[in-house]
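Engineer: no sequence on hand, only this structure:
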């Protein structure tokens, strides 16, 4: 009789181990899917940020150009100039946001002086 209960316990332990293994595998798959979805959301958010920065720079350029043309009566030259200026500013904003262009030149180290004993290189 004790032999039968031991076999029953072993069988139940084996079934429990197998079901826990399946649950753990499902958890790993779910975690990978969630990480992939999170990465996709980050990419979409970054794309929206970059496109809005680009478009807003162009809109500001067009607005300034149109205002300058209306005020000075120089139609269409102010609009053309500021449209191109807004386009260049938008491209520069996108390049800065992606890290392709540094935002500012870094300051020289504290102890470094140039030939005129000023704080520059």
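Structural biologist: Ah, there it is. Fair warning: this is a prediction, and the values are worked out from it, not measured in the lab.

Engineer: tell me which element the most centrally placed residue in the chain is part of?
Structural biologist: Nearest to the mean C-alpha position of the chain, by C-alpha atoms, centre = their mean, lies residue 46 at 3.8 Å. Here residue 46 is covered by helix 2-72, with elements defined by DSSP states H and E.

Engineer: could you say what helices and strands that helix packs with?
Structural biologist: helix 77-98 (3 or more C-beta pairs under 8 Å, 6 or more residues apart in numbering; DSSP states H and E). (Glycine included, C-beta is placed from N, CA and C.)

Engineer: what comes up buried for the helix it packs on?
Structural biologist: Buried residues in helix 77-98, counted by 16 or more other C-beta atoms under 10 Å: 78, 79, 81, 82, 83, 85, 86, 89, 90, 93, 94.

Engineer: wait, which of those is closest to residue 29?
Structural biologist: Residue 29 lies nearest to residue 94 out of those, by C-beta to C-beta, at 36.3 Å.

Engineer: can you pull the contacts of the closest one?
Structural biologist: 50, 53, 54 (C-beta atoms under 8 Å, 6 or more residues apart in numbering).

Engineer: how close does it sit to residue 104?
Structural biologist: To residue 104, residue 94 is 17 Å away according to C-beta to C-beta, to the nearest Å.

Engineer: report the contact partners of the closest residue to residue 86 other than its chain neighbours.
Structural biologist: Spatial nearest neighbour of residue 86, chain neighbours left out: residue 61 (1.9 Å); criterion: C-beta to C-beta, 6 or more residues apart in numbering. Residue 61 makes contacts with 82, 83, 84, 85, 86, 87, 89, as judged by C-beta under 8 Å, 6+ apart.

Engineer: tell me where this structure is predicted with low confidence.
Structural biologist: When residues are selected by pLDDT under 70, those of the chain lie in 1-3, 105-121.

Engineer: at 90 what do you get?
Structural biologist: Flagging of the chain using pLDDT under 90 yields the residue ranges 1-11, 20-21, 25-40, 43, 74-75, 99-121.

Engineer: now do stretch 28-48: distance to the chain's middle.
Structural biologist: Stretch 28-48 sits 12 Å away from the centroid of its parent chain (C-alpha atoms, centre = their mean, to the nearest Å).

Engineer: same question for stretch 25-36.
Structural biologist: Put simply, stretch 25-36 sits 23 Å off its chain's centre (C-alpha atoms, centre = their mean).
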